[in-house]
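> pasting a predicted model and its sequence here:
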Amino acid sequence: MLTSVAHHRERLKVGDHPHFISGKWIAGEGESYEQIHPSTNEVVAVFPEGDAEVVNAAVLSARKAFDEGPWPRMGARERKKILQKFVEAISAEAEDLGYLQTLDNGLPINFSLNTRVSALTASDIFDHYAGWIDKINGETYPQYTDTVNLHYHTYREPVGVVGAILPWNAPMMMFALKVAPALATGCTVVLKPSELSGICVNRLTRIVAESDLPDGVFNLVNGGPATGRAIVEHPGVDKITFTGSRAVGEWIMAEGAKTMKRVTLELGGKSAALIFPDARSVETAAKTVMGLCSTFLSGQVCSTQTRAIVHKSIVDDVLRYAREQVDTVKFGDPFDMATTSAPIISKRQAEKIMNYIRIGQEEGAELVFGGDCPGGDLSEGNWINPTLFAGVDNKMRIAQEEIFGPVLSVISFETEEEAIALANDSIYGLAGGLYTADLSRAFRVAKKMKTGAVGINGYSVMPNSPAGGVKQSGLGREGGWSTIEAFTELKTLMFNLDA
Ligand code: NAD
């Protein structure tokens, strides 16, 4: 029976979790909250809740470091050296950080150590942005007319104080995706981890605290939605970079508009994987798509392709291969290297998923397998068996709404045009996919899919490739030059050469 994972705290030297403001650890008085482990529902950490006063102190600290401190004005070479030390320090602690992430959110340890959400990826993201620092350039323009002798050029200035708000599912990668570009461009930061996974963010903050970063450049405030709201509402914050649900993203955009805050929003998805009969291997395609829902974070990933849009001639094959894939799933202790799939992050989220499974059945979809909980040795935690619906109509709620769990819907099509129309019939557009061996079809279909990215015969985001959504999946991209643009403002200088 899996009853406890809390004993890992001692080996990993998990202590208390103060805020970090102006280069000092602040214990925090007043309200506190508990972090519950999803595999057992036991308390694994307690955090002080950052109220409006704590948020204000953090913003003033970041404001002072931005307006008066050396960071935004520092030479590229010096700033780059400081960021490069993070690359080494995070790599050096990669194993412990991986275990801390599993203690945070129940991601099976094999994935926490070895995939794109590992500390090594976080380190690579810092490396990627450190590389931009001495290349953040502007442009010069030709003289426009003979009547005025003007020389124009632009350069990029840091946008200012950045409020960074993280989701629970990939805390290390999210920390890096927000902090690395902010620091690379010379911004200062107030960061809030998710109230569901703050342990490894605290350890990453210790790395920041031990670095040469000037005081006040990076500030950590623990807390839940109220803390996040206080950051968004604060007039001293210039930009919000947020990853999380669509509903919160919508609120942030509306609230941020009052002070015209810049926003980067990475929100939810209901992405489609199109499986054509000419796929190089229908078996690989079916098992890959099912595996995204059934292993790793059990479908609790924004980019999961939760709609399999399958040509009607191969639907039966896809269902059979999906079953074979799910037979390889192994639930259990998240710290066991053999475990393949995570529990559901909270009881509330597990109830939401079970409710969607009921809705799917009521709507008339065919429940092929799953739809229940494993129980037995895992009954203390929030576990849901991988679930497959066939005969799904794209108008059904299970095909339109983000479930954020181990539920895959199979929708059949006859023509390529129909497949594209089904994929695009969604308020979301984050991470599409298609499986075909026909290169012309791959280009043709990918160009017509309304989504931020399309994975052709597989989907994987790298630190140097932009990722983000269209439609209600968000605004902006993370990765590459476009992120540098999103954390800077363009300033135009005009030199009157006749003066
Ligand atoms: P969430 O929106 O519930 O919470 C995200 C963060 O926002 C948390 O830190 C939370 O405390 C904070 N928050 C909540 N209400 C707030 C408010 N009014 N103002 C400011 N902050 C507030 O999301 P979650 O459950 O942590 O994550 C799951 C969601 O995130 C899913 O919708 C998923 O698709 C999305 N997600 C998107 C990406 C992406 O890159 N597009 C990546 C991971 C997760």
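Thanks, I have it.
> contact residues of the stretch 51-200 of the chain facing the ligand?
With Cβ under 6 Å from any ligand atom as the criterion, the stretch 51-200 of the chain comes near the ligand at residues 165-169, 192, 194-195. Backbone N, C-alpha and C define where each C-beta goes, glycine included.
> mind doing that once more with 8 Å?
165-170, 174, 192-196 (Cβ under 8 Å from any ligand atom).
> may I ask which of those has the most neighbours?
residue 193 (30 neighbours; other Cβ atoms under 10 Å).
> residue contacts, the closest residue to it other than its chain neighbours?
Once flanking residues are discounted, residue 193 sits nearest to residue 201: 3.9 Å by Cβ to Cβ, 6 or more residues apart in numbering. Residue 201 sits next to 166, 171-172, 175, 191, 193, 220 when contact means Cβ atoms under 8 Å, 6 or more residues apart in numbering.
> TSV for the residues you listed, including secondary structure and pLDDT?
Putting the contacts of residue 201 into TSV (DSSP: H, G, I helix; E, B strand; the rest coil; pLDDT from 0 to 100) gives the following:
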residue	secondary structure	pLDDT
166	coil	98
171	helix	98
172	helix	98
175	helix	98
191	strand	99
193	coil	98
220	strand	98
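> now, the most widely separated pair of these?
Greatest spatial distance among the contacts of residue 201 (Cβ to Cβ): 172 and 220, at 14.0 Å.
> each with direction, which strands does the helix or strand harbouring residue 265 pair with?
If you go by DSSP states H and E, residue 265 is part of strand 262-266. Sheet pairing here is set by DSSP bridges, and for strand 262-266 it gives strand 239-243 (parallel), strand 474-475 (antiparallel).
> would you agree residue 151 is in contact with residue 499?
No. Look at residue 151 against residue 499 with Cβ atoms under 8 Å: they stay out of range, at 11.4 Å.
> neighbour-wise, which of these two wins?
A count of neighbours by other Cβ under 10 Å puts residue 151 above the other of residue 151 and residue 499, at 13 against 5.
> for that one, give the beta-bridge partners.
In this entry, residue 151 is beta-bridged to residue 495, by DSSP bridges.
> which ones are touching it?
Listed by Cβ under 8 Å, 6+ apart, the contact partners of residue 151 are 140, 143, 494-495, 497.
> rebuild those residues as a markdown table, extending it with neighbour count, pLDDT and distance to residue 371.
Putting the contacts of residue 151 into a markdown table (neighbours: other Cβ atoms under 10 Å; pLDDT from 0 to 100; distance: Cβ to Cβ, whole Å) gives the following:
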| residue | neighbour count | pLDDT | distance to residue 371 |
| --- | --- | --- | --- |
| 140 | 9 | 95 | 62 |
| 143 | 11 | 90 | 69 |
| 494 | 10 | 94 | 65 |
| 495 | 11 | 94 | 69 |
| 497 | 9 | 91 | 74 |
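> ok, the residues you listed vs residue 368, which is closest?
residue 140 (61.4 Å).
> and the stretch 201-350 of the chain, which of its residues are near the ligand?
Residues of the stretch 201-350 of the chain lying near the ligand (Cβ under 8 Å from any ligand atom): 223-229, 231-232, 242-249, 251-252, 255, 266-269, 300-303, 345, 349.
> for this structure, which residue gets nearest to the ligand?
For the chain and the ligand, the shortest gap (Cβ to the nearest ligand atom) falls at residue 228, measuring 2.2 Å.
> list the buried residues for the host helix or strand of residue 231?
Assessed by DSSP H and E, residue 231 sits inside helix 225-233. Neighbour counts over helix 225-233 (16 or more other Cβ atoms under 10 Å) mark 227-233 as buried.
> chain center to that helix: distance?
Computed by Cα atoms, centre = their mean, to the nearest Å, the chain-centroid distance of helix 225-233 equals 19 Å.
> for the stretch 151-300 of the chain, which segments are assigned as strands?
Counting by DSSP state E, counting those that start in this stretch, the stretch 151-300 of the chain has strands at residues 161-165, 188-192, 218-220, 239-243, 262-266, 271-275.
> tell me how far residue 111 lies from residue 341.
Look at residue 111 and residue 341: by Cβ to Cβ, to the nearest Å, they are 9 Å apart.
> touching both of the two, which residues are there?
Here residue 111 and residue 341 have 295-296 as joint contacts, going by Cβ under 8 Å, 6+ apart.
> look at these two and report which has more neighbours.
In this view residue 111 and residue 341 are compared by other Cβ under 10 Å, and residue 341 has more residues nearby, 27 against 22.
> isn't the more buried one right next to residue 384, touching?
No. Under the criterion of Cβ under 8 Å, residue 341 makes no contact with residue 384, lying 9.6 Å away.
> which neighbours do the two have in common?
Shared contacts of residue 341 and residue 384 (Cβ under 8 Å, 6+ apart): 298, 406.
> shaky segments in the stretch 151-300 of the chain?
Within the stretch 151-300 of the chain, the set of residues satisfying pLDDT under 70 is empty.
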